[in-house]
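Undergrad: Return a 3D structure for these sequence lines:
(one chain, ligands or ions: 3)
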Amino acid sequence: MTALTLKPAGVATLRADAIVVGVAKGAKGPVAAPGSEAVDTAFDGKLAAVLETLGASGGESEVTKLPAQGDLKAPVVIAVGLGPVPDKDETYGAETLRRAAGAAARALSGVKKAAFALPVETVQDIEAIAEGALLGAYAFTAYQGGERNAKNAKKGEGPKQPLGEVVLVGAKPRDKAHKRAAERAIALAEEVNRARDLVNTPPNDLTPESFAAVATAAGKENGIKVQVLDEKALAKGGYGGILGVGQGSANPPRLVKLAYTHPDAQKTLALVGKGITYDSGGISLKPAGHNETMKCDMSGAAAVFATVVAAARLGLPVNITGWLALAENMPSGTATRPGDVLRMYSGKTVEVLNTDAEGRLVLADALTRASEENPDAIVDVATLTGAMVLALGNRTFGIMSNDDAFRTSLHEIAEEAGEASWPMPLPADLRKGMDSPTADIANMGERMGGGLVAGLFLKEFVGEGITWAHLDIAGPAFHEGAPYGYTPKGGTGSSVRTLVRLAERTAAGDLG
Ligand code: BES
Ligand code: MN
Ligand code: ZN
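TA: Numbers count the residues shown, from 1 in each chain. Ligands and ions are numbered 1, 2, ... in the order given. This next block holds a predicted model:
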């Protein structure tokens, strides 16, 4: 894990492997950003000119490496683009700083120690740079450079390790607010990275059982109460949705309950995560081209798990119950067939028309169970539908809710956290498409508006009068393109930062 330390000033004399500075896009070419003064001095005031010669524009997240000059102790300077120079009286936005720090940190993989001398005006800037750097430094290398390979590997081969230490220049280690900002950034980034690790872990190693074991261990470490229902307990409890999805797999399902409580808590938040450790589609098998990334189908559960741990680490004065609905969706002789009817935990019957619409089945049971404890609000998170990806693209998650004000709040909270989201409706007319001639409801409805249909299905399993929202993170949970900003390839940890912020806002009494 990348370490983070604070340093008020003195970047020139700091013994580090590299110095990161910002470069902005000015009207007449690149402009050295605040924070780079000492480096600019070492370059005889020609830092911007040198950057221009090298073709740097200051465009967002552009990375330019320069050999150090003058009496700089570090051998390398990394100039990272910040985009346009802010208007007069404005400063660089938090997301701009986060992305720049992330891009720089990624470019520094394999390096031991780097000083980040980016523009710092406020405590929020310190937090943004810290968060961006720690998120951008992330790499998933657990399955690379194995023992057999390592023995034969020449020196320098094998996966590069993430940047070892970030020295954040412009932040005072003895300033309480600065320290708190850094600590929050560390806890948050480490928990986002925990979610990413889980998503990236291949599905032959991350099964419902092993996921539950990971949650149990982390719970112990962080003072979170963890209860695991195994397949026997699920059968006894009548969890027909979770069992129906899991029954085709050799890896049986689990329902994990994580309970974080605080003595001063006024509110209780319930978070429910879709945890399909692999989604083959089941008997309604996905075709090749649609199943290669389906280890990501537990991203919701990973986000919920990481959020509960983050809340515990931050000691937030709010109670949070996390529900991880874990199952593997596989075809086999014991699998649920299209046409089967499941009796859900709520007692409702569901005709399974498409076994690939499995997420709503496991979530339904968990939502009903979470409702029994009468929380002040429930938020579920799921890689639920391809339709939401078609609607909003790969970087934006959809928010649906039975409460317009809560949906609006969540959208604003996500924006503050630096996560792209958009409010989506739950049109009542789409409900009739799920009418079943055999059961109370079918697990599929009209194809058009499929993301909203799924949301309407979930809504039926939320307890009467409970405020509820549903985040469909199918787009942003797993990033297949080239890394950008602080977003790596693979698992992104989507929604963790939003959920932690929701927990903080709930703790502060800002919501309902
Ligand atoms: N896990 C998928 C949704 C998904 C798609 C996640 C793309 C991430 C990326 C989900 O279980 C699924 O298969 N949904 C079906 C529902 C349909 C059968 C009603 C879908 O969206 O096609
Ligand atoms: Mn599916
Ligand atoms: Zn799925």
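Undergrad: In contact with the closest residue to residue 42 other than its chain neighbours, which residues are there?
TA: Excluding its sequence neighbours, the residue lying closest to residue 42 (Cβ to Cβ, 6 or more residues apart in numbering) is residue 70, at 3.3 Å. Placement of C-beta: from N, CA and C, glycine included. Going by Cβ atoms under 8 Å, 6 or more residues apart in numbering, residue 70 touches 12, 41-44.
Undergrad: in stretch 381-400, what counts as buried?
TA: 381-385, 387-389, 391-392, 395-400 (16 or more other Cβ atoms under 10 Å).
Undergrad: which residue ranges form the strands in the stretch 1-150 of the chain?
TA: Ranges of strands within the stretch 1-150 of the chain are 3-7, 18-26, 29-32, 63-67, 76-84, 113-117, based on DSSP state E, counting those that start in this stretch.
Undergrad: Between the two ends of stretch 160-180, how far is it?
TA: In stretch 160-180, first residue to last residue: 31 Å (Cα to Cα, to the nearest Å).
Undergrad: Phi, psi for whichever residue of the chain sits closest to ligand 2 please.
TA: As assessed by Cβ to the ion, ligand 2 sits closest to residue 356 within the chain, at 3.9 Å. Torsion angles at residue 356 (phi, psi; degrees, to the nearest 10) stand at phi -80, psi -10.
Undergrad: Number of residues surrounding the nearest residue to it once chain neighbours are set aside?
TA: Distances taken as Cβ to Cβ, 6+ apart place residue 281 nearest to residue 356, at 3.9 Å, with adjacent residues excluded. Using other Cβ atoms under 10 Å, residue 281 has 19 other residues around it.
Undergrad: where does residue 458 land on pLDDT?
TA: Residue 458 is assigned 99 on the pLDDT scale.
Undergrad: likewise the one 3 residues further on?
TA: You'll see residue 461 listed with a pLDDT of 99.
Undergrad: SS state for it?
TA: Assigned by DSSP: H, G, I helix; E, B strand; the rest coil, the conformation of residue 461 is coil.
Undergrad: next SSE after the helix or strand bottoming out on mean pLDDT in the chain?
TA: Within the chain, no helix or strand scores below helix 147-152, which has a mean of 59 by mean pLDDT, DSSP states H and E. The helix or strand immediately downstream of helix 147-152 is strand 165-169, counting by DSSP states H and E.
Undergrad: relative orientation of that following strand and strand 113-117 in degrees?
TA: 20 degrees (axes from the mean of the first three to the mean of the last three Cα atoms, to 10 degrees).
Undergrad: Sheet partners, orientation included, of strand 165-169?
TA: Within its sheet, and counting by DSSP bridges, strand 165-169 is paired with strand 3-7 (parallel), strand 113-117 (parallel).
Undergrad: Just tell me which of these ends up closest to residue 241.
TA: strand 3-7 (42.2 Å; Cβ to Cβ).
Undergrad: bridging residues for the residue of the chain found nearest ligand 3?
TA: Relative to ligand 3, the nearest point of the chain is residue 279 (3.7 Å; Cβ to the ion). Residue 279 has the following beta-bridge partners by DSSP bridges: residue 329.
Undergrad: these two touch, right, it and residue 355?
TA: No - counting by Cβ atoms under 8 Å, residue 279 stays clear of residue 355, with 10.0 Å between them.
Undergrad: shared neighbours of those two, which are they?
TA: residue 329.
Undergrad: Can you give me the neighbour number for residue 47?
TA: Neighbours of residue 47 (other Cβ under 10 Å): 25.
Undergrad: In this protein, where's the longest helix?
TA: Determined from DSSP state H, the single longest helix within the chain is helix 176-200.
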